[in-house]
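Q: dropping a prediction and its sequence here:
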Amino acid sequence: MKTFVKASLLLASTVGMTSGCGVSEQESDLKIRGGTEVSDNELSAVRTSTVALTTSFTADGSGDSILSQGKSFCSGTIIGVRTIVTAAHCIQALEGRTTKGDNIFPNASDYLVHFGTKVSETGTYIRAAKVIPHPDWDPGQTLSPIPTRAPNDIGLIILSEDIPDTMAIAPIADPELEVRNEDAYLAGYGVSRSRNSNDTGILRTLTSTFTGERNNIARVSHGGFLKGICAGDSGGPAYVLVDGELQLVGAASTGIEVPLVGCVGSGSNSTDVRFYKDWIEANSEI
């Protein structure tokens with residue numbers, strides 16, 4: 001099967017940074033490695049605020065879409081009744097390694113936000129009315145192990161209707177909150193090991209640790225050995241627990257993938273959503 005979606009970012013190296021997102025032309029992608037499946041009965045933001053990005057679009061119009069196969073290409077978090085935050089690279093394509101191109105799909109309505117723990121053609125999903133990658137998204141800085149300025153790997157999906165009653169808005173954590181060494185609650189619909197796993201579309205979660213916090217470039221790090229995000233998880237949440245409530249800190253951006261090993265887990269990064277509140281408010285319907 002050949003799909004149209006191609007949202008992955010790769011560095012051409014033996015040990016490469018990779019975006020946590022993407023169904024390539026070889027039908028692949030990665031998920032929360034070392035995580036567990038989320039129950040339909042889960043009441044925390046892990047289930048009620050985490051969403052899958054999928055599509056019914058196919059380049060050849062065959063109808064053999066990733067939605068029809070119960071798969072997804074990225075993840076996201078509900079931050080408003082019609083607003084989803086995700087990664088910029090889940091919305092906008094690349095021409096080559098670092099040059100931004102057009103949006104991945106020709107129409108905003110081709111982006112589908114799926115609600116529930118398993119993506120299904122008969123499940124609940126809403127089409128986008130608008131997709132907004134950050135105008136200053138910098139793919140080169142996103143993939144750099146040591147970025148010198150903010151990568152801005154963040155984007156918004158504005159829904160065509162309100163979220164279902166079974167879902168909830170995730171509050172964004174205070175930028176003043178120090179999260180380094182705090183528990184990081186990760187969630188996403190990616191695959192389990194490497195790009196050959198091909199098992200996107202299932203919501204999984206993992207409790208890890210925020211290992212780094214770089215306010216100057218609005219990025220946080222997390223993960224442990226063989227436990228963390230991979231492709232398919234891009235745009236998905238990194239939550240922190242505040243007074244018994246999960247609050248959003250990050251939108252998954254990059255991780256490390258090693259040949260024959262797959263996603264390493266440690267050293268993964270999320271865009272720190274907390275520092276984009278003004279941009280989010282100016283562009284969304286919260």
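A: Yes, it's here. Only a predicted model underlies this, so the values are computations on that prediction, with no experimental measurement involved. Residues are numbered from 1 along each chain as shown.
Q: any low-confidence regions in the stretch 151-286 of the chain?
A: Applying pLDDT under 70 to the stretch 151-286 of the chain flags the ranges 192-197, 285-286.
Q: can you give me the helices for it?
A: Counting by DSSP state H, counting those that start in this stretch, the stretch 151-286 of the chain has helices at residues 277-283.
Q: measure residue 72 to residue 57 for me?
A: Note on residue 72: its distance to residue 57, by C-beta to C-beta, to the nearest Å, is 13 Å. For the C-beta atoms, the positions are set from N, CA and C on the backbone; glycine is no exception.
Q: quick one: which of the two has more around it?
A: Neighbours around residue 72 and residue 57, counted as other C-beta atoms under 10 Å, are more numerous at residue 72. The numbers are 33 against 20.
Q: is the more buried one in a helix, a strand, or coil?
A: coil (DSSP: H, G, I helix; E, B strand; the rest coil).
Q: ok, it - contacts?
A: 23, 52, 53, 54, 66, 114, 119, 189, 200, 201, 232 (C-beta atoms under 8 Å, 6 or more residues apart in numbering).
Q: can you tell me how far it is from residue 232?
A: From residue 72 over to residue 232 the distance is 7 Å, taken as C-beta to C-beta.
Q: residue 116 now?
A: 16 Å.
Q: buried sites along the longest strand seen in the chain?
A: Longest strand in the chain by number of residues (criterion: DSSP state E): strand 245-258. Buried residues in strand 245-258, counting neighbours by 16 or more other C-beta atoms under 10 Å, are found at 246, 247, 248, 249, 250, 251, 252, 253, 254, 255, 256, 257.
Q: which two in these are spaced the farthest apart?
A: Using C-beta to C-beta, the pair of these lying farthest apart is 247 and 257, separated by 28.8 Å.
Q: more neighbours: which of residue 116 and residue 232?
A: residue 232 (40 against 18).
Q: over to the more buried one: give its phi and psi.
A: phi 100, psi -20 (degrees, to the nearest 10).
Q: for it, which non-adjacent residue is closest in space?
A: residue 190 (2.4 Å; C-beta to C-beta, 6 or more residues apart in numbering).
Q: next: residue 104.
A: Here the residue nearest residue 104, using C-beta to C-beta, 6+ apart, is residue 93, at 4.9 Å.
Q: could you pull out the buried residues of the strand or helix carrying that neighbour?
A: Secondary-structure assignment from DSSP states H and E places residue 93 in strand 92-95. Neighbour-count burial for strand 92-95, counted by 16+ other C-beta under 10 Å, picks out 92, 93, 94.
Q: give me the contacts around whichever helix or strand comes after that strand.
A: Using DSSP H and E, the helix or strand that follows strand 92-95 towards the C-terminus is strand 99-103. Applying C-beta under 8 Å, 6+ apart, the contact partners of strand 99-103 are 91, 92, 93, 94, 95, 131, 133, 137, 139.
Q: ok, and the closest non-adjacent residue to the fifth one?
A: With sequence-adjacent residues excluded and distances taken as C-beta to C-beta, 6+ apart, residue 95 is closest to residue 101, at 4.2 Å.
Q: center of this structure - which residue?
A: residue 235 (2.0 Å; C-alpha atoms, centre = their mean).
Q: for the nearest residue to it once chain neighbours are set aside, give me the pLDDT.
A: Leaving aside its sequence neighbours, residue 235 sits nearest to residue 86 (C-beta to C-beta, 6+ apart; 3.0 Å). Looking at residue 86, its pLDDT reads 98.
Q: in this structure residue 86 contacts residue 158, no?
A: No: taking contacts as C-beta atoms under 8 Å, residue 86 lies outside contact range of residue 158: 11.5 Å.
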